[in-house]
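Novice: output the structure for:
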Amino acid sequence: MISFVVPAYNEERYLGATLESIHGAACATGEPYEIVVADDGSTDATAAIAEAGGARVARAGKRQIAAARNAGARASTGEFLVFVDADTRIDAAVVAEALAALRSDAVGGGAPVRMEPSPRWVTIFMRAFVPLYFGLARWAAGCFLFCTRAAFESAGGFDERYYASEEIGLSRALKRQGRFVILKDFVTSSSRKLEGRTPMDVLVMFLRLVAGGRAGLMRRTGATAFWYPERR
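Specialist: A predicted model of the protein is given here:
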């Protein structure tokens, strides 16, 4: 069985479309599947939309993406885990490619990301970022990461000490266990985090991340607040 795990905090704006895309992609494979939405203390209609969309809701509440993903994984039952962010859409091709990789002895992997809607400067940035991040570093993006349950548990799951870059940590841990792949097919994620931000704003945020070092990633303040807005 495939377990799709969707971490969510106040995601009523995007969650419905994400669940619809997961159902469509999963049904096309003909494989049994489930969707678990890890509700991380939402105050909007996220849980209701999840249930109406055919997902099982697991309660998290730590207000941390790593912990929410881990909670969803614990509540799931499949041998294959696919983590999909609540503002990310997937299709049948990317799921089929991920399953083929896992059944060919890969322990896990990720896929390149397209952002929509995308300002021109973001499009230009992504043309450089995608080859470097997915091609050279070969890390999975947090919005789409897949692995076997056995590999996930052996790796210890997402490291809950971190409020950002936890997907890089898990990618590296999975690589130590076996073959880690980056798919050819893309997933599509929203550009909401960039709404109202300029290229300079994003550059300053990355510089603050670098300056804060590892300790800075262990706080939900400072540069990591970029990933934890109160409003969606």
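Novice: CA only for contacts and neighbour counts going forward, please
Specialist: Noted.
Novice: and the longest helix belonging to the chain, what's its mean pLDDT?
Specialist: Of all the elements of type helix in the chain, the one with the most residues (DSSP state H) is helix 199-216. For helix 199-216, mean pLDDT is 75.
Novice: how far does it sit from the chain's center?
Specialist: In terms of C-alpha atoms, centre = their mean, to the nearest Å, the gap separating the centre of helix 199-216 from the centre of its chain is 21 Å.
Novice: and stretch 187-206, by the same measure?
Specialist: The chain centroid and the centroid of stretch 187-206 are separated by 16 Å under C-alpha atoms, centre = their mean.
Novice: what residue ranges in this structure score low on pLDDT?
Specialist: Residues of the chain that meet the criterion pLDDT under 70 lie in 209-210, 223, 227, 230-232.
Novice: what are the ranges of the strands in it?
Specialist: Counting by DSSP state E, the chain forms strands over residues 2-8, 33-39, 56-59, 80-84, 88-89, 106-110, 113-116, 144-148, 179-182, 187-190, given from the N-terminal end onward.
Novice: what pairs with the third one, and is each one parallel or antiparallel?
Specialist: Just to be clear, that refers to strand 56-59. Note on strand 56-59: by DSSP bridges, its sheet partners are strand 33-39 (parallel).
Novice: on that earlier part again, give me the contacts around the longest helix of the chain.
Specialist: 121, 217, 222-224, 226 (C-alpha atoms under 8 Å, 6 or more residues apart in numbering).
Novice: now, the most widely separated pair of the residues you listed?
Specialist: The largest separation in the contacts of helix 199-216, counting by C-alpha to C-alpha, is between Trp121 and Leu217 at 26.1 Å.
Novice: neighbour count: these two, which is higher?
Specialist: The residue with more neighbours, out of Trp121 and Leu217, is Leu217; 21 against 10, by other C-alpha atoms under 10 Å.
Novice: wait, the more buried one touches Ala164, no?
Specialist: Yes: between Leu217 and Ala164 a contact is recorded at 5.7 Å, counting by C-alpha atoms under 8 Å.
Novice: between these two, what contacts are shared?
Specialist: Thr224.
Novice: for the nearest residue to Leu102 once chain neighbours are set aside, which residues are in contact?
Specialist: Using C-alpha to C-alpha, 6 or more residues apart in numbering and skipping residues adjacent in sequence, the residue nearest Leu102 is Gly108, 6.6 Å away. In this structure, Gly108 makes contact with 101-102, 145-148, 151, 174, 179-181, judged by C-alpha under 8 Å, 6+ apart.
Novice: drop anything exposed from those.
Specialist: 101-102, 145-148, 151, 174, 180-181 (16 or more other C-alpha atoms under 10 Å).
Novice: I'd like the residues you listed as CSV, with distance to Phe83 appended.
Specialist: As requested, the buried ones among the contacts of Gly108 are exported to CSV (distance: C-alpha to C-alpha, whole Å):
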residue, distance to Phe83
Ala101, 16
Leu102, 14
Leu145, 5
Phe146, 6
Cys147, 9
Thr148, 11
Ala151, 14
Leu174, 14
Phe180, 15
Val181, 15
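Novice: closest one of these to Val187?
Specialist: When the buried ones among the contacts of Gly108 are compared against Val187 (criterion: C-alpha to C-alpha), the nearest one is Leu145, at 10.6 Å.
Novice: centroid-nearest residue for the chain?
Specialist: Relative to the mean C-alpha position of the chain, the nearest C-alpha, by C-alpha atoms, centre = their mean, is the one of Cys143, at 2.4 Å.
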